[in-house]
Structure formats: C-alpha cells, structure tokens
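In: Return atomic coordinates for the entry below.
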Amino acid sequence: MRVITQQTLGGPEVLTIVDAPEPQPLPTEVLVRVKAIGLNPLEALLRAGAFPPLLGRPPFILGWDISGVVEEGALTYRFRPGDEVFGMPLFPRAASAYAEVVSAPALHLARKPASLSHVEASALPVVGLTAWQGLVDLGGVAEGDRVLVHGGGGGVGHVAIQIAKALGAHVIATASGSKRKFVEGLGADEVIDYTAVDFTEAVRDIDVVLDTIGGDTVERSLQVLRPGGHLVTAVAEEDSELTAKYEAAGMRFSGIAVDPDPVALRGLVELVEQGSLRVHVQETFPFERVADAHRLLDGGHLQGKIVLTV
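Out: The predicted structure is shown next:
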C-alpha cells in the first residue's frame, strides 16, 4: 500500500508518498480500505513542527479522519467485510491515516450514513466530535440557550452551528463578511462580521461560547457571557490564570481536547440521518496532491474542510 510520510519537519514539500506493508489489525480492530481522508489544521502544524510533538520526531504518518470500507476484522462483532465506516481512530495517538489502508479500533468507527459520500464522511469526525464534546458534553447546551460560535465558517464552527441549532439554541456566529451567506445557510440566527464589528459590543447574555479562534478572543468573550456562562475553547489549552479570572467573574472556562468517543460519533450520525447536519467540503485533492492540499491548509481562512481522495 501507499502512505504519505515525512522524514523531516518543514513545509508541504516534505510530504512524500512511499510504499509500506499493510498494517495487521489487533483483536477488536478492523482493517479499512480508505476512500477519503479529512485534513485538519492541526496536521499542518505537526508537519511543520509548530505544535507540541504528539507524534514524536519524524518519520511519521499524519492523519486521523477516514472514511472507507472494512476489509478484515479480527475478534470484533461490530463490523463485517464490506461495511462502509468512518471515524477518527486513536487520537491523539498516531492513527497513520494518510494511507490507503488503516487499522483502527472498531469502537472508534461508525457505519457511514448512506446520505454522506465518503468524501463528506471523512470530513466530519474531528470537527464534529470537537463541536459535540464542546457543546453537548462540556457546554450542556439546551433548548433556549444563547450560543456564540467564534469562527462559524470554519471546520469546527460550521458543524457547531448546526449542532447548537439541533439542540434548540439561538445561535450567533462570528465570521468574515464573505462567509455571511454560507453561515446563515447553516442556520445561524445572527452573524457578526468580525472584520467590521466588535463582537463584544454586538452581543450580550450568552450562555455558552464555543471558541475556534484563540488569541485574545478567549479573554474578550468574558464580556459577553451571562452570569454562570461557560466559555469552551477548542484551540487553547486549560489556562489556570484564565480559569481563575472566569471563576472570579462567576463564569466557567474550559479547554477541550477531542477524543474518539463512540457515543458522540453515533450522535453525529443521528443528526445526519435526521437531516439536521451536513458537512461542507471546500475542496478535494487526489492522494498524490497532498502537498497542494497542505498549502491550502497553511493559508487558513477555510470554509468547511479539505479532503484527500484515495
């Protein structure tokens, strides 16, 4: 099989395609013939060495988001050969998903909804699980809550808007003016163009803020929360100073690190099957053009996700 690996840290040009032996599934794992691979900004940071080394030093194989077909299962009752599956196996440990074949714990996969193509399904796990765990598990969003999603046009943000709406929330999203129609089409009740308007002057009484931007957005969001409100950030780690500042103001502050939760993955499937959730893919690239895909990742300001087809 072919895999995409790198021998050194650096720009997209360090990504190379080589031949490698197929992995052997352990008990409770399945072998998946990959059809599509979702790409995430974290992978560009890991490639360049601009993020704590989850995968250690090169050589390594990036990637977690996959959709494909089960070829072989060991001692698992969950799937049979021929089943179409998707998921985010093993995160934050290496899943080596930039490959034609991946061995993954069956518990970390779900059956692909029939309404999603492999391209769409591969784009969903990391962003979908991040949004679900931030809004449902940590934020406890309920009907009637006011939810602010920072970066509503991005990967996590565009899914978060739809999850919050499905939970019955009033959703406000920040996005650039060029993404207004896209974000409104996702169901956002209000859209704030952050390039023209200071969100701290435009909204108040927010129950839950989901931050996908980082920087001073995290601290400034304290100004828009209602008493007892909760800031959940998907891009900043737990910060004892910020936590103390939020708690002193009667608020909560949480940093989220996504994990491959099968309950949340099934929750995403249910929303897809109900027609309440779709995933937007900005662009697809063939496996051989992974460097071009990473150049687009490096540029930022994406609308939805980027996917490699295998």
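In: Give me the buried positions along stretch 53-60.
Out: Neighbour counts over stretch 53-60 (16 or more other CB atoms under 10 Å) mark 55, 58, 60 as buried. Placement of C-beta: from N, CA and C, glycine included.
In: so who does the residue nearest to the spatial centre of the chain touch?
Out: With distances taken as CA atoms, centre = their mean, residue 127 lies nearest the centre of the chain, 1.8 Å away. For residue 127, the contacting residues are 40, 155, 156, 158, 159, 279, 305, by CB atoms under 8 Å, 6 or more residues apart in numbering.
In: Now do it against residue 88, distance only.
Out: Residue 127 sits at a distance of 10 Å from residue 88 (criterion: CB to CB, to the nearest Å).
In: where in the stretch 201-310 of the chain is pLDDT low?
Out: With pLDDT under 70 as the threshold, the stretch 201-310 of the chain has low-confidence stretches at 237-238.
In: For it, which segments are assigned as strands?
Out: Using DSSP state E, counting those that start in this stretch, the strands found in the stretch 201-310 of the chain span residues 206-211, 225-233, 252-255, 281-286, 305-309.
In: if we compare these, which one ends up closest to residue 46?
Out: Residue 46 lies closest to strand 305-309 among those, at 15.4 Å (CB to CB).
In: one step back: now, of the strands of the stretch 201-310 of the chain, which is deepest in the fold?
Out: strand 206-211 (a mean of 25; mean count of other CB atoms under 10 Å).
In: which sections of the stretch 1-150 of the chain are below the confidence cut-off?
Out: For the stretch 1-150 of the chain, applying pLDDT under 70 flags the ranges 74-76.
In: check contacts around the closest residue to residue 41 other than its chain neighbours.
Out: Excluding its sequence neighbours, the residue lying closest to residue 41 (CB to CB, 6 or more residues apart in numbering) is residue 297, at 5.9 Å. Applying CB under 8 Å, 6+ apart, one finds that residue 297 lies in contact with 39, 40, 41, 43, 44, 306.
In: what about 6 Å?
Out: 39, 41, 44 (CB atoms under 6 Å, 6 or more residues apart in numbering).
In: And residue 233, by the same measure?
Out: 211, 218, 255.
In: I'd like these laid out as JSON lines, including distance to residue 137.
Out: As requested, the contacts of residue 233 are exported to JSON lines (distance: CB to CB, whole Å):
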{"residue": "211", "distance to residue 137": "16"}
{"residue": "218", "distance to residue 137": "19"}
{"residue": "255", "distance to residue 137": "13"}
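In: in the stretch 101-250 of the chain, which spans are helices?
Out: Remark: helices assigned in the stretch 101-250 of the chain by DSSP state H, counting those that start in this stretch are 118-122, 125-132, 155-166, 180-185, 199-202, 217-220, 240-248.
In: Going by neighbour count, list what's buried in the fourth one.
Out: Which is helix 180-185. Across helix 180-185, burial judged by 16+ other CB under 10 Å covers 180, 182, 183, 184.
In: any idea how far the second one is from residue 33?
Out: I take that to be residue 182. For residue 182, the distance to residue 33 equals 33 Å [CB to CB].
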